[in-house]
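K.L.:
Let me see the structure of the following:
(one chain, ligands or ions: 1)
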Amino acid sequence: MTQGSATQTSHGPDTDHSTVTGLRTFSYGGGWQSTAALVLAARGEIDFGTFLFANVGADSEYPATLRYVAEHAAPFAAAHGIDLFELHRTRRDGSTETLYGRLMREGSRSIPIPVRMSNGAPGTRSCTADFKIKVIGRWLKAHGANATQPATVGIGISVDEIHRANARRCEPHERIVYPLLDLGIRRADCPRIIRSAGLPVPPKSSCWFCPFHRLTAWQDMRRDEPGLFDRACHLEDTLNDRRRTLDKDPVWLTRYNAPLSDVVPTADPLPFEDGDGTCDSGWCFT
Ligand code: SF4
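P.N.:
Numbering: from 1, shown residues only. As a prediction, the model looks like this:
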């Protein structure tokens with residue numbers, strides 16, 4: 001079993017934003033809500049000077065998200081005196097472990113992502129905990145957070161997704177807060193806030209293979225990024241080849257109990273929107 005720690009890449013001035021009340025950090029996912037939070041922090045409308053981007057892997061995050069962070073979010077943070085740290089999960093030997101790497105590891109028996117069972121329900125996942133929550137938690141501990149001096153961690157849940165605020169996990173050295181809820185900000189408000197700072201609106205952030213994707217997101221990928229779509233099909237096939245040898249039922253990246261390439265339409269627009277297209281924790285898709 002690998003035991004990860006966190007390595008970091010600094011995208012900011014590395015000033016000391018700790019105070020007598022402990023570290024104040026924001027979990028940055030590279031999506032609409034956390035980028036809006038970055039803008040609000042730059043304006044002084046919320047009090048967060050450190051943003052932590054738990055990158056689940058250069059081969060795992062949606063490529064457009066990584067481009068956005070490098071080309072827009074990081075320069076913006078630096079220009080406004082905000083630390084944006086990119087964190088990675090590392091093994092005991094110091095090497096970086098990525099979520100895609102764990103999924104594709106030869107002989108692996110567990111599936112850390114919320115693949116769908118034959119009834120469409122997502123399976124239990126460990127990806128968010130292992131590659132985001134624990135990675136950020138370790139960084140916070142390494143920077144002085146403890147049970148008597150917990151770090152504040154802002155999560156970018158907006159008021160229209162308030163149900164996600166009830167499903168978070170909390171460690172003794174962390175205090176989770178939802179600044180967008182306090183300000184009454186909806187997801188639909190985020191593009192205006194982001195554009196008002198001169199930033200382009202980021203793509204929806206997630207892993208490109210996430211089984212929480214809506215069917216419309218898969219359809220967009222198949223049309224606009226066919227190479228990435230083929231990789232997702234290959235991942236699904238690989239997981240099921242492995243399960244077949246273990247005499248286990250197949251699992252899927254969509255809720256439709258069939259291979260991705262059969263389920264996702266190639267041309268016609270979908271007549272309906274399916275599912276909620278997000279995860280329930282607020283650590284991903286924000
Ligand atoms: S985006 Fe999906 S696959 Fe990636 S860490 Fe979050 S829940 Fe897991």
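K.L.:
C-alpha only now, for contacts and for neighbours.
P.N.:
Noted.
K.L.:
ok, which residues in the stretch 51-200 of the chain are in contact with the ligand?
P.N.:
Contact residues, the stretch 51-200 of the chain versus the ligand (Cα under 6 Å from any ligand atom): I113, C127, T128.
K.L.:
Do a quick rundown of the strands in the protein.
P.N.:
Secondary structure of the chain, counting by DSSP state E: strands at 5-10, 24-27, 50-54, 83-90, 151-154, 174-177.
K.L.:
Dump the ones you listed to JSON lines, plus mean pLDDT and mean neighbour count.
P.N.:
Compiled in JSON lines, these are given as follows (pLDDT from 0 to 100; neighbours: other Cα atoms under 10 Å):
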{"stretch": "strand 5-10", "mean pLDDT": "60", "mean neighbour count": "18"}
{"stretch": "strand 24-27", "mean pLDDT": "97", "mean neighbour count": "25"}
{"stretch": "strand 50-54", "mean pLDDT": "98", "mean neighbour count": "26"}
{"stretch": "strand 83-90", "mean pLDDT": "97", "mean neighbour count": "24"}
{"stretch": "strand 151-154", "mean pLDDT": "95", "mean neighbour count": "24"}
{"stretch": "strand 174-177", "mean pLDDT": "93", "mean neighbour count": "18"}
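K.L.:
okay, these in a markdown table with distance to R105 next?
P.N.:
Converted to a markdown table, those look like this (distance: least, Cα to Cα, whole Å):
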| stretch | distance to R105 |
| --- | --- |
| strand 5-10 | 19 |
| strand 24-27 | 28 |
| strand 50-54 | 21 |
| strand 83-90 | 16 |
| strand 151-154 | 32 |
| strand 174-177 | 32 |
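K.L.:
how about low-confidence regions in the stretch 101-250 of the chain?
P.N.:
166-169 (pLDDT under 70).
K.L.:
Swap in 80 and give it another go.
P.N.:
Scanning the stretch 101-250 of the chain for pLDDT under 80 picks out the ranges 164, 166-170.
K.L.:
how about the helices in it?
P.N.:
127-128, 134-142, 179-182, 190-196, 215-224, 226-245 (DSSP state H, counting those that start in this stretch).
K.L.:
Mean neighbour count for those helices - can I get that in a markdown table?
P.N.:
Output for those, formatted as a markdown table (neighbours: other Cα atoms under 10 Å):
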| stretch | mean neighbour count |
| --- | --- |
| helix 127-128 | 20 |
| helix 134-142 | 20 |
| helix 179-182 | 18 |
| helix 190-196 | 17 |
| helix 215-224 | 18 |
| helix 226-245 | 16 |
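K.L.:
Tell me which residue of the protein is furthest from the middle?
P.N.:
D247 (31.8 Å; Cα atoms, centre = their mean).
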